[in-house]
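Build me a model from this:
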Amino acid sequence: MSKNKDILVKKTKNYYSTPEVAKLLGVSRVAIFKKIRNGQIHAEKIGRNYIIPREEYETIVGLFVPEYRKRDIENTVDRVVKKYGSVLRKLGKE
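The predicted structure follows:
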């Protein structure tokens, strides 16, 4: 199953463990713990472990988009606006 499908399938869970989030995002557990400690990820401490609410997981998915993908997205948006700008403006008025 692809990583994107994993992300969608897991939407039924209410909480995720830090290893689950790390695996789903393709990063290390250490990266998740650092973001929890820095306050970038809001998690609840249960004993010695952290759990991350589903809503927070959906929010943090955006934190881990690599820079090259962000540039690709920006370039695509720029191309679409150049090509379809007038149509987009008309749609925005509706």
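
Please count neighbours and contacts with C-alpha atoms only from this point.
Noted.

Would you state the helices of the protein in chain order?
For the chain, the helices defined by DSSP state H cover 3-9, 18-25, 29-37, 54-60, 67-93.

Out of the ones you listed, which is the most enclosed?
Ranked by mean neighbour count, the helices of the chain are led by helix 18-25 with a mean of 18 (mean count of other Cα atoms under 10 Å).

centre of the chain versus it, how much separation?
Here helix 18-25 is found 12 Å from its chain centre; the criterion is Cα atoms, centre = their mean, to the nearest Å.

tell me which strands and helices that helix is in contact with?
helix 3-9, helix 29-37, strand 49-53 (3 or more Cα pairs under 8 Å, 6 or more residues apart in numbering; DSSP states H and E).

Just give me the lowest mean pLDDT stretch among those.
Mean pLDDT values for the helices and strands packed on helix 18-25 show the minimum at helix 3-9, a mean of 49.

Residue 53 against residue 15, yeah?
Yes - here residue 53 reaches residue 15: they are 4.4 Å apart, a contact under Cα atoms under 8 Å.

More neighbours: which of the two?
residue 15 (20 against 17; other Cα atoms under 10 Å).

Just want to check the distance between the more buried one and residue 47.
Noted for residue 15: a distance of 15 Å to residue 47, by Cα to Cα, to the nearest Å.

before we move on, back to that, so can I have a markdown table of the helices of the chain showing distance to residue 43?
Output for the helices of the chain, formatted as a markdown table (distance: least, Cα to Cα, whole Å):
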| stretch | distance to residue 43 |
| --- | --- |
| helix 3-9 | 18 |
| helix 18-25 | 9 |
| helix 29-37 | 7 |
| helix 54-60 | 8 |
| helix 67-93 | 25 |
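
Just give me the lowest mean pLDDT stretch among these.
Minimum mean pLDDT among the helices of the chain: helix 3-9, a mean of 49.
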